[in-house]
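S.K.: I would like the atomic coordinates for the input below:
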Amino acid sequence: MGALLLLVLLFVVMYAAMIRPQQKRAREHQALIAAVEVGDDVMTTAGIFGTVTAVEADVVSVEIAPGTVMRVARAAIGRRMTAELDEYAAGETYDDLDDEIGESVSDDPVVGDDSGPTNGEAPPSETPPPGAGPATPGPGPGSGEPG
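M.R.: Below is the predicted model of the structure:
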């Protein structure tokens, strides 16, 4: 009896964790595909950005550059960029987004940081590195004089 209860509990957890979210994503994608119209800026599932120029039954024509139109399956539309921009324009401003980030990102440099240059260069040293030879160049192959 306990094994059967464990099996049922495992199925319920798997349904809640895996199957239900996948069904929700599929419904959202179907709604997205149905809402695509001529003039929408879209991104395909392959990552190609363009503007919808024609919508047929299961084929969408997307202009990816002036004069370059490609035909893709309607299901290959991954995102409507126009809808995302409308949500951004209607909802939040940049200041709202900046407030959400808060203090986690700072534009000010760290004060008192003596760790050295941050551009990848080595800090200047007072002594030459080992094997560099004398501090003043003399005659020889490295001095510029024929040797």
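
S.K.: strands of the chain, start to end?
M.R.: Applying DSSP state E to the chain gives strands spanning 41-44, 49-55, 59-65, 68-73, 77-80.

S.K.: for K24, find the nearest of the ones you listed.
M.R.: For the strands of the chain, the distance to K24 is smallest for strand 77-80, at 16.4 Å, taking CB to CB. Quick note: C-beta positions are derived from backbone N, CA and C, even for glycine.

S.K.: and G67, how many residues sit next to it?
M.R.: Neighbourhood size, G67 [other CB atoms under 10 Å]: 6.

S.K.: now it: how far from T53?
M.R.: G67 sits 11 Å away from T53, going by CB to CB, to the nearest Å.

S.K.: do L10 as well
M.R.: According to CB to CB, L10 stands 50 Å off from T53.

S.K.: follow-up on the earlier one: now the strands of the chain in JSON lines, please, with extra columns for mean pLDDT, distance to M14 and mean neighbour count.
M.R.: As requested, the strands of the chain are exported to JSON lines (pLDDT from 0 to 100; distance: least, CB to CB, whole Å; neighbours: other CB atoms under 10 Å):
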{"stretch": "strand 41-44", "mean pLDDT": "93", "distance to M14": "32", "mean neighbour count": "18"}
{"stretch": "strand 49-55", "mean pLDDT": "94", "distance to M14": "37", "mean neighbour count": "16"}
{"stretch": "strand 59-65", "mean pLDDT": "94", "distance to M14": "35", "mean neighbour count": "16"}
{"stretch": "strand 68-73", "mean pLDDT": "95", "distance to M14": "31", "mean neighbour count": "13"}
{"stretch": "strand 77-80", "mean pLDDT": "90", "distance to M14": "27", "mean neighbour count": "18"}
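
S.K.: nearest to Q22, out of those?
M.R.: Closest to Q22 of the strands of the chain, according to CB to CB: strand 77-80, at 16.1 Å.
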